[in-house]
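Asker: sequence and predicted structure, then a few things I'm wondering about:
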Amino acid sequence: MSEYPSVLYVEDDPKSREIMQLLLVRAMGLSNVAIFDDSENFLSRVQALDPLPDIVLLDIHVHPHNGYEMLQMLRGLESLEAVPIIALTASVMNEEIAELRTSGFHSVISKPINQDVFPDILRRILRGESIWRVSY
């Protein structure tokens, strides 16, 4: 992974996409940022990315494929098997967090995103730390 990692973010909410774009590109200075507004043709769109993502941020409630389905698709790709896949969700009940963990997500970040701490959390995840951040 380079000093400037490539990021894939899948989110159907326009305001959330706008905020994440500002955080990743302006605040963090990342230049390889792909943002999908749905999960239509998800796997083929991911495989067409150049470079492939070093980290993936998935909103759990996206259509037609939800975050769990996208996670399974990504884990089926050898080229992305070591990439951290982070769940982004407003659903932070203990049972849901446990389900995200056992499903194979690397980390979880609760929504709405706290813009003040998000860059640090993302850097920590990129260094290999697993973060289960359900509140700020």
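Answerer: Great, that's in hand.

Asker: from here on, contacts and neighbour counts on C-alpha atoms
Answerer: Noted.

Asker: show me where the chain has its helices.
Answerer: For the chain, the helices defined by DSSP state H cover 14-21, 42-47, 67-75, 94-103, 118-126.

Asker: and of those, who's closest to I85?
Answerer: helix 67-75 (7.2 Å; Cα to Cα).

Asker: neighbouring contacts of the closest one?
Answerer: 39, 42-43, 58-61, 80-81, 85, 87, 103-105 (Cα atoms under 8 Å, 6 or more residues apart in numbering).

Asker: got a PyMOL select line for the buried ones in those residues?
Answerer: Selection of buried members from the contacts of helix 67-75 for PyMOL, criterion 16 or more other Cα atoms under 10 Å:
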select buried, resi 39+42+58+59+60+61+80+85+87+104+105
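
Asker: rank the contacts of helix 67-75 by pLDDT and give me only the lowest.
Answerer: The member of these with the lowest pLDDT is E81, at 89.

Asker: how about the nearest residue to L24, chain neighbours excluded?
Answerer: Among residues not flanking L24 along the chain, L30 sits closest, at 5.7 Å (Cα to Cα, 6 or more residues apart in numbering).
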